[in-house]
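Engineer: predicted model follows, preceded by the sequence.
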Amino acid sequence: MTDRRNARRWRMFVASTATAMVAVLATQAPAYAAKSSTVWPTQHDYNWDYGREWFAVEATTMSAGDCEEKNGYVTLSPPDADGNVYMGWGTGILLTHHTNHADVWHQKFEFMTAWGTTVLTVGGFDGPQMTKINWEYSEYHWQYARMDPQLWPLISQVRWTGDC
């Protein structure tokens, strides 16, 4: 009788431990790192596109959690008559110092006047899935956006917001 009780207790212990383990593993929160935001001044670059004036901004280093972006850059073309602009983001070097699965750098840009008024916001840029620790990843992303052509000459700074 004692052996049956011990076996029953053992089965209940194993079942409750397994249920608790499944509950803990199934409800883990996803990995998240804090955002990083930096404002950089724009530079006019007349050599970027055969003499057409572009805004070009090169950043040094940004960090968010375990991730870093080094020497990234953003470009913004002059708008056409309809306000269409071409915005490009060169990631420079992206890397992670720790990952449980695959970290991804997410980037957003706000082009602003000297007074901090936002003229154009472009976001939704995702870097590569960084599965290797301290491995240097690099990509180029671009998209079209629309803005008021009269506001383009007033752009003097860009807020970079990245998270990983």
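Structural biologist: Happy to help now that I have it.
Engineer: now the strands: where do they sit in this structure?
Structural biologist: 36-41, 43-49, 52-58, 61-64, 67-70, 73-76, 84-90, 93-96, 103-112, 118-130, 140-146, 157-163 (DSSP state E).
Engineer: what pairs with the last one, and is each one parallel or antiparallel?
Structural biologist: Applying DSSP bridges to the sheet, strand 157-163 is found paired with strand 36-41 (antiparallel), strand 103-112 (antiparallel).
Engineer: distance between it and the chain's centre?
Structural biologist: 10 Å (Cα atoms, centre = their mean, to the nearest Å).
Engineer: tell me who's in contact with Phe125.
Structural biologist: Phe125 is in contact with Trp89, His106, Gln107, Lys108, His141, Gln143, counting by Cβ atoms under 8 Å, 6 or more residues apart in numbering. C-betas here are computed from N, CA, C, even on glycine.
Engineer: ah, wrong one, I meant Ser36
Structural biologist: Met62, Ser63, Ala64, Thr161, Gly162, Asp163.
Engineer: break this structure down into its domains, please.
Structural biologist: Per automatic domain parsing, the structural domains of the chain span 1-30, 36-163.
Engineer: so which of the ones you listed is the most surrounded?
Structural biologist: domain 36-163 (a mean of 16; mean count of other Cβ atoms under 10 Å).
Engineer: pLDDT averaged over that one, what's the number?
Structural biologist: The average pLDDT for domain 36-163 rounds to 87.
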